[in-house]
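Chemist: 3D model of this:
(one chain, ligands or ions: 1)
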Amino acid sequence: MISIANLKKSYGRTTACDIESLDIADGEIVGIVGNNGAGKTTLFRLMLDLAKPDTGHVTTTPPPHHPTACAAQGPVDVAGSEEWKLFTGAYLNESFLIDYLTPDEYFAFLAKISGLGTDEMKRNLERFEAFDAGEVLGQHKLIRDLSAGNRQKAGIMAAFATSPSVAILDEPFNYLDPQSQNRLKRVVEEYNREKGATILISSHNLAHTINISTRIILLEHGRVISDIPNNGDSAAREIENYFSAD
Ligand SMILES: Nc1ncnc2c1ncn2[C@@H]1O[C@H](COP(=O)(O)OP(=O)(O)OP(=O)(O)O)[C@@H](O)[C@H]1O
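Modeler: Below is the predicted model of the structure:
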């Protein structure tokens, strides 16, 4: 469970986040949508302790089924604890990558700092075989020399590589070819189903977001203006109306 309480962040006169209360239950796939500057990335940065809130907290409760030894029993404030890192994976942008490593070296590095064995890491990455299509793994190419799409794939795979119970992805469909976008949707849905993982995705691709999310949160000026359950694309009309050109 992720809980947000009285979370505010401003940059000068710009309100980037202003959320009084928001709970995300274990196992949800939450699509975060909103126009440019609505506050999607800021919300993720606050959830990952990459930005300091002006007020408020993001707390996260370790899911009971997470295999990694995690001392915390109850909710932990992400700004005051390291425990949540044991069960959270994320890819927001290229700053998450290490350019002078190959993807395989980068994944080995992640395995090491996460206490995963090489075999476990290999197994975790197997689910990405179709998504990767042999362009990222085993290529001996440095991350800095990969195409934008393949860097994006490496970052997304890294977010899932440690088998997290919570995964946060900012604009994951960016740079991906249409087939890879569809394969990513399939991997995300399978991962959520198999692990009961909570997945948060921000995207401007409304069709993909509506397809895979169980809930859609619409942001405007850092505030939640709609929070809609999405069963079988039921949120589509409201979301599409909001973004219509008229
Ligand atoms: N480090 C920063 N310094 C100043 N302003 C910032 C900073 N980070 C975000 N902002 C501002 O906060 C607001 C929200 O930005 P944010 O990047 O969270 O929006 P977004 O919904 O992710 O936008 P986009 O869809 O364009 O990626 C914007 O007005 C942005 O200019």
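
Chemist: only C-alpha atoms for contact and neighbour calcs from this point on.
Modeler: Noted.

Chemist: how much space between the nearest residue to residue 48 once chain neighbours are set aside and residue 240?
Modeler: What sits nearest to residue 48 in space, not counting adjacent residues and going by CA to CA, 6 or more residues apart in numbering, is residue 78, at 6.8 Å. Distance of residue 78 to residue 240, computed by CA to CA, to the nearest Å: 33 Å.

Chemist: residue 221 too?
Modeler: Applying CA to CA, the value for residue 221 to residue 240 is 18 Å.

Chemist: so which of those two has more stuff around it?
Modeler: residue 221 (18 against 13; other CA atoms under 10 Å).

Chemist: just checking, the more buried one touches residue 36?
Modeler: No. The criterion here is CA atoms under 8 Å, and residue 221 misses it with residue 36 at 9.6 Å.

Chemist: next to the ligand, which bits of the chain? Give me the list.
Modeler: 11, 14, 16, 34-42 (CA under 6 Å from any ligand atom).

Chemist: let's see it at 5 Å
Modeler: By the rule CA under 5 Å from any ligand atom, the part of the chain lying against the ligand is 11, 16, 36-42.

Chemist: drop anything exposed from those residues.
Modeler: Buried members of these, scored by 16 or more other CA atoms under 10 Å, are 16, 38-42.

Chemist: now, those that are in strands?
Modeler: residue 16 (DSSP state E).

Chemist: out of the buried ones among the residues of the chain next to the ligand, which are inside helices?
Modeler: In helices, defined here by DSSP state H, the members of these are 40-42.

Chemist: which of those sits closest to residue 49?
Modeler: Using CA to CA, residue 42 comes nearest to residue 49 of these, at 10.4 Å.

Chemist: can you tell me the closest non-neighbouring residue to that closest one?
Modeler: residue 16 (6.4 Å).

Chemist: got the contact list for that neighbour?
Modeler: With contact taken as CA atoms under 8 Å, 6 or more residues apart in numbering, residue 16 is in contact with 8-10, 37-39, 42, 221-222.

Chemist: again, only using 6 Å
Modeler: Shown in contact with residue 16 (CA atoms under 6 Å, 6 or more residues apart in numbering): 9-10, 39, 222.

Chemist: any idea how far whichever helix in the chain runs longest is from the chain center?
Modeler: As assigned by DSSP H, the longest helix anywhere in the chain is helix 178-195. Offset of helix 178-195 from its chain centre (CA atoms, centre = their mean, to the nearest Å): 13 Å.

Chemist: now the element after it, going C-ward?
Modeler: strand 198-202 (DSSP states H and E).

Chemist: pLDDT of that next one, averaged?
Modeler: For strand 198-202, mean pLDDT is 98.

Chemist: partner strands of that strand and their direction?
Modeler: strand 29-33 (parallel), strand 166-170 (parallel) (DSSP bridges).

Chemist: so the first one versus helix 178-195, what angle?
Modeler: By that I understand strand 29-33. If you take axes from the mean of the first three to the mean of the last three CA atoms, to 10 degrees, strand 29-33 sits at 140 degrees to helix 178-195.
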